[in-house]
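Enquirer: kindly return the folded structure for what I paste below:
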Amino acid sequence: MLKRACLLLLSIPLVAGATGAQSTQPPLLPPRPPVTIPAPDPALVAALDATSRGGLDDLVLAGFSRQPLAGWLEYAALRARFDSLPPARGAAFLAAHKGEPVAAAFRADWLPALARRNEWPAFLEAWSSAIEDPALRCLRLQALMAMDRVDAAWTAEAQALWRSSGASLPAQCDAPFALLAAQGGLPDALRWERFDKAADAAQAAVMRSIARGFASASDSAQAQAWAAYLDAPGGDVSAWPKTARSRLVAAAALAKLAKSNPDRAEALLPGVAQALGFGEAELGRVRYQIALWTVASYLPDAARRLAAVPESAYDDSLREWRVREALARADWPAALAAIARMPEAQRNDSRWLYFAARLRELTGDPAGARALYAQAAQKADFHGFLAADRLDQPYALCPRTLQAPVSAKQAVARDPGLVRALQLFQLDRRGWAAREWNAALAHFDPIQRQLAVEVAQDNGWFDRGVFGLVSVGGKRYPDEQQLYLLRFPLHHAEGIRREAARNRLDPAWIAAEIRAESVFDPRARSRADARGLMQVVPATGATLAKSLTMPWNGGDDLYDPDTNIALGSAYLRQLLNRYDGQAYLTIAAYNAGPAPLARWRAQRPALDPDVWIETIPYRETRDYVMRVLAFSVLYDWRLRGDALRLSDRLLGRSDGPRKGFICPAPATPAAAPAQDARKRP
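Expert: Predicted structure coming up:
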């Protein structure tokens, strides 16, 4: 069970002194009092645990019918006896919980169980038109087949599934597709349609499967040859038909090859392009991948291969790599020219405003640099903070709290779906809790959703400040970025301060690592088995515990917040010592490990820290280093009300000057100065 959340609540004045006017935004208000959701009934918890050992009878379930989690208990109990559950009992459950998340969870498990039992009428009765899962949709086609209800609608649905993807579809689709083919519902035109999708997605196995069904032996042989080439490009293609399909397959094959062997792909490209008549689209696709996988490793031919990519094939990602490649060579004019070739929206991102300014500074244009730094410094992010340091001005920060009465928060906290979500979270039933959470948010307005995040954090579910704000349900709410108290929760502050002092670390850094690693979820666990607040792997935890003479009973100790913070902080100190106090290298090693870091340092040993960070090959690590450093500034604000300069922080300096924050008045960004075309590569 999580400890009750106690946020460190600070009302922090914004500090004047920056260039430009301050906004008239009201000061930060203290959040509403916390609202605690009652814990689930211990008897229900015991009953839920008992379902793993066998189903509970309906009489026992009836005793919990008034509990918030009664539906989930019943679902768990019935699921334990799906092999023999009467269809009428399943139908009754779905009717009783119609429209609830528990019904969707039940249906997703109940339908395959009915299919295994060949209970096809019950399957169709339990069906929901909202289901999109291909495996379940194919099971529905099987149900209709079993009941002799194969009609025009069945054929249309089967054909829609067939053409839905170029990737392999579930085994449940095999029988419907076989019947579709037998009835003439898979003409060659439809087979070619999916074949092309499979080729575009580089799915050779799917291509071979489709090839076996063509009516013409020559079509089948050619399709098999195309699939074989996709797996192992390099054979003679001069006898291939000079068609768009040949060009699609060859381009997909060479693009795939380029990811593992860009030299070989580049060597093959001229002959294949000439033999099949590649156009700009095919050349661009292959040259894009050749360039990308060359520059991502900073190989010697990167600049040449980037220049060979047609401009029409460039996207935002490759434009960024064009800048990084020039930065890695310390070719400042080329890097500046690459930024100038970006579309305006990309060029005006704080990252590229900062680097355009930095590069102008390096090439002797201090006035142009200051203008661009001023634009970048309007943003409360890594590059905005660095730009403010270059101008020696306060950091931009415009925090706000929710302007809603306590009664509104209490009303949201009484929402049945939210109550169920939070009780399930308390029971560590994360998947079920997420279902209830998403359903609750779907009927909340923005203010109610924001209040729901606050209630969730009151009850220890801190990551809702990440997954419940800004980008939710496919919609963007950019103004919610200013809800910093919700987006940057602070818990276990006492333990953070204690271990920071013990290991001579900045507590804001430790808090930032926790925010980046787990969003203060002590039960977090990664696919690599990293656990707890600071995502320590058990092997590292055991070694650290031994060196610190701490008790160690196995990997589950890492779920204890105090233990995890102690071990994670000690590991940070070890890395910081190893990398001579350079915090930016320490953060990179914490994420990627020492081996990749050693390779990157050997490749680019002389770059300044800001440039080196931007040239980290792994996107995850590159963004991670920037996030942790920016988060450190924000947690400094939360803990102390001012902040150590980011340009000092990334070097591991903890005793440098501190600065305040200001909320700048909104301003229309000025156009970035044009780059002299003569300096373009």
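
Enquirer: please enumerate the helices of the stretch 551-681 of the chain.
Expert: Using DSSP state H, counting those that start in this stretch, the helices of the stretch 551-681 of the chain run over residues 561-578, 583-592, 594-603, 609-614, 619-640, 646-649.

Enquirer: now the first one: mean pLDDT?
Expert: When you say that, I think you mean helix 561-578. Mean pLDDT, helix 561-578: 98.

Enquirer: what about it, distance to the chain center?
Expert: 26 Å (CA atoms, centre = their mean, to the nearest Å).

Enquirer: CA atoms only for that helix, dumped as PDB, please.
Expert: Output in PDB follows, covering the C-alpha atoms of helix 561-578 (Å, rounded to 0.1, in the frame of the first residue of the first chain):
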ATOM      1  CA  PRO A 561      10.900   4.200  -1.400                       C
ATOM      2  CA  ASP A 562      13.600   4.900   1.300                       C
ATOM      3  CA  THR A 563      15.700   1.900   0.100                       C
ATOM      4  CA  ASN A 564      15.300   2.900  -3.500                       C
ATOM      5  CA  ILE A 565      16.300   6.500  -3.000                       C
ATOM      6  CA  ALA A 566      19.300   5.500  -0.900                       C
ATOM      7  CA  LEU A 567      20.600   3.100  -3.500                       C
ATOM      8  CA  GLY A 568      19.700   5.200  -6.500                       C
ATOM      9  CA  SER A 569      21.400   8.300  -5.000                       C
ATOM     10  CA  ALA A 570      24.500   6.300  -4.100                       C
ATOM     11  CA  TYR A 571      24.700   5.000  -7.700                       C
ATOM     12  CA  LEU A 572      24.400   8.600  -9.000                       C
ATOM     13  CA  ARG A 573      27.300   9.600  -6.700                       C
ATOM     14  CA  GLN A 574      29.400   6.700  -8.000                       C
ATOM     15  CA  LEU A 575      28.800   7.700 -11.600                       C
ATOM     16  CA  LEU A 576      29.500  11.400 -10.800                       C
ATOM     17  CA  ASN A 577      32.900  10.400  -9.300                       C
ATOM     18  CA  ARG A 578      33.600   8.200 -12.300                       C
END
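
Enquirer: most packed of the helices of the stretch 551-681 of the chain?
Expert: helix 583-592 (a mean of 24; mean count of other CB atoms under 10 Å). Placement of C-beta: from N, CA and C, glycine included.

Enquirer: for it, packing partners?
Expert: The contact analysis (3 or more CB pairs under 8 Å, 6 or more residues apart in numbering; DSSP states H and E) places helix 583-592 against helix 507-517, helix 561-578, helix 594-603, helix 609-614, helix 619-640.

Enquirer: now that Trp321 has come up, it's in contact with Leu306, right?
Expert: Yes: assessed by CB atoms under 8 Å, Trp321 is found in contact with Leu306 at 7.2 Å.

Enquirer: quick one: which of those two has more around it?
Expert: Using other CB atoms under 10 Å as the criterion, Trp321 and Leu306 rank with Leu306 on top: 24 against 21.

Enquirer: so who does the nearest residue to Leu575 once chain neighbours are set aside touch?
Expert: Closest residue to Leu575 apart from its sequence neighbours, by CB to CB, 6 or more residues apart in numbering: Thr586 at 4.4 Å. With contact taken as CB atoms under 8 Å, 6 or more residues apart in numbering, Thr586 is in contact with 572, 575-576, 578-579, 652.

Enquirer: if we use 6 Å, what do you get?
Expert: 575-576, 579 (CB atoms under 6 Å, 6 or more residues apart in numbering).

Enquirer: out of those, which one sits closest to Leu359?
Expert: Nearest to Leu359, judged by CB to CB, of the contacts of Thr586 is Tyr579 at 26.7 Å.

Enquirer: the residue lying closest to that closest one once chain neighbours are set aside and Ile616: what is the separation?
Expert: Once flanking residues are discounted, Tyr579 sits nearest to Leu585: 4.1 Å by CB to CB, 6+ apart. Taking CB to CB, to the nearest Å as the measure, Leu585 and Ile616 are separated by 11 Å.

Enquirer: then Gln426?
Expert: Distance, Gln426 to Ile616, by CB to CB: 39 Å.

Enquirer: between the two, tell me which one has more neighbours.
Expert: Per other CB under 10 Å, whichever of Gln426 and Ile616 has more neighbours is Ile616, with 23 against 19.

Enquirer: got the contact list for the more buried one?
Expert: Shown in contact with Ile616 (CB under 6 Å, 6+ apart): Arg622.

Enquirer: what's the distance between it and Arg504?
Expert: From Ile616 to Arg504 the distance is 26 Å (CB to CB).

Enquirer: of all the helices and strands packed on helix 583-592, which one is nearest Gln222?
Expert: Using CB to CB, those put helix 619-640 closest to Gln222, at 38.7 Å.

Enquirer: give me the contacts around the closest one.
Expert: 381-382, 385, 488, 490, 508-509, 511-513, 515-516, 584, 587-588, 591-592, 613, 616, 643, 646, 649-650.

Enquirer: and the angle from that helix to helix 507-517?
Expert: Interaxial angle, helix 619-640 versus helix 507-517 (axes from the mean of the first three to the mean of the last three CA atoms, to 10 degrees): 140 degrees.

Enquirer: tell me the mean pLDDT over helix 619-640?
Expert: Here the average pLDDT along helix 619-640 is 97.

Enquirer: and the angle from it to helix 583-592?
Expert: Using the same axes, to 10 degrees: helix 619-640 against helix 583-592 is 120 degrees.

Enquirer: and helix 619-640, how far from the chain's centre?
Expert: With CA atoms, centre = their mean, you get 17 Å for helix 619-640.

Enquirer: relative to Leu558, how far out is the residue nearest to Leu575?
Expert: As judged by CB to CB, Thr586 and Leu558 stand 20 Å apart.

Enquirer: quick one: contacts of the strand or helix carrying Lys409?
Expert: Assessed by DSSP states H and E, Lys409 sits inside helix 406-413. By CB under 6 Å, 6+ apart, the residues outside helix 406-413 that reach it are 32, 35, 448, 451-452, 455.

Enquirer: same question for stretch 346-365.
Expert: 316, 332, 335-336, 339, 368-369, 372-373, 375-376, 379, 381, 383-384, 386-387, 669, 672.

Enquirer: pull out the buried residues from it.
Expert: For stretch 346-365, burial by neighbour count (16 or more other CB atoms under 10 Å) applies to 347-362, 365.

Enquirer: one more: stretch 205-217?
Expert: Across stretch 205-217, burial judged by 16+ other CB under 10 Å covers 206-211, 213-214.

Enquirer: so can I have CSV of those showing secondary structure and distance to Ser164?
Expert: Converted to CSV, the buried residues of stretch 205-217 look like this (DSSP: H, G, I helix; E, B strand; the rest coil; distance: CB to CB, whole Å):
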residue, secondary structure, distance to Ser164
Val206, helix, 12
Met207, helix, 16
Arg208, helix, 19
Ser209, helix, 15
Ile210, helix, 14
Ala211, helix, 19
Gly213, coil, 17
Phe214, coil, 20
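
Enquirer: Arg191: what's its closest spatial neighbour, skipping adjacent residues?
Expert: Ile210 (5.4 Å).

Enquirer: and the gap between that neighbour and Ala198?
Expert: 7 Å.

Enquirer: next, show the common contact partners of these two.
Expert: Contacts common to Ile210 and Ala198, judged by CB under 6 Å, 6+ apart, are absent.

Enquirer: out of the contacts of stretch 346-365, which sit inside strands?
Expert: Using DSSP state E to define strands, no part of those is located there.

Enquirer: of those, select the buried ones using a PyMOL command.
Expert: Buried residues among the contacts of stretch 346-365 (16+ other CB under 10 Å), as a PyMOL selection:
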select buried, resi 332+335+336+339+368+369+372+373+375+376+379+381+383+384+386+387+672
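
Enquirer: looking at the contacts of stretch 346-365, which are in helices?
Expert: Among the contacts of stretch 346-365, the ones falling in helices (DSSP state H) are 316, 332, 335-336, 339, 368-369, 372-373, 375-376, 383-384, 386-387.

Enquirer: let me know the closest of those residues to Ala223.
Expert: Asp316 (35.2 Å).

Enquirer: per-residue confidence for the closest one?
Expert: On pLDDT, Asp316 comes in at 98.
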